[in-house]
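model the structure of this input:
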Amino acid sequence: MNEKGRLKLLLNLAIKYKYALLVLVFGLILMIIPSGGSKKDIVKKSDVKTVSSYDVNTEEKKLETMLSSIDGVGRVKIALTLKSGAESVYALDQSENIRENGQKENGTFEKDSNSRPMVVSSESGGESPLKVKENLPEYRGALVICDGADDPNVKLMVTDAIRSLTGVTSDNISVIKMKD
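I've put the predicted structure just below:
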């Protein structure tokens, strides 16, 4: 095929697939234009978990207030034990220094172990880590000491309330009579 034939074939293909070519060109332009962010804002799907400041004492006080309003319970004290604490999941900066040949500076293709949490800059100039989600703590058991623990109906109501509010199974909840 001569040069004119090839040119005519390419022109016909370009006309036939003009929308696909338009999308391709538009995508390439978007990839070339800088987004305004720095290299540290590049993230791959990976995250790191760190323990947040969750206050068990506050939860115990809330439960004490709720349980003391149940008929027959009377004075109440609660102790909760944790299986695992609250966790915040942060986005990690996985950007790497890559040479022209596609390898990292150390010559490997392994995951970078020195990843740092991504930070979000505020208008005031402050930075904070980018939180992906927050996991609530998981409770192991509960001890409830109350005036009405000698009544089986009160004991059942207290156990059901603790179970439904904390997720602790009934066999890990102890309800004991408070001394006078």
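
from now on I want contacts and neighbour counts done on CA atoms only, so please keep to that.
Will do.

next, the buried residues of stretch 123-140.
Judged by neighbour count (16 or more other CA atoms under 10 Å), stretch 123-140 contains these buried residues: 130, 131, 137, 139, 140.

looking at the residues you listed, spot the one nearest residue 20.
Using CA to CA, the shortest approach to residue 20 within the buried residues of stretch 123-140 belongs to residue 130, at 36.2 Å.

hang on, the earlier thing: of the buried residues of stretch 123-140, which is the nearest to residue 69?
Taking the buried residues of stretch 123-140 together and measuring to residue 69 by CA to CA, the closest member is residue 139, at 22.8 Å.

and residue 132, that's in a strand?
Yes: assessed with DSSP: H, G, I helix; E, B strand; the rest coil, residue 132 lies in a strand.

okay, it: pLDDT?
In the predicted model, residue 132 carries a pLDDT score of 70.

just residue 49 next, same as before
At residue 49, the pLDDT recorded in the model is 40.

try the one 4 residues further on
In this prediction, residue 53 carries a pLDDT score of 50.

equivalent analysis for residue 140, please.
Note on residue 140: pLDDT of 89.

report the secondary structure state of it.
Per three-state DSSP, the local secondary structure of residue 140 is strand.

so residue 73 touches residue 147, yeah?
Yes: using CA atoms under 8 Å, residue 73 makes contact with residue 147 at a distance of 5.9 Å.

more neighbours: which of those two?
Here residue 73 and residue 147 are compared on neighbour count by other CA atoms under 10 Å; more neighbours surround residue 73, at 22 against 19.

part of a strand, is residue 145?
Yes: going by three-state DSSP, the assignment for residue 145 places it inside a strand.
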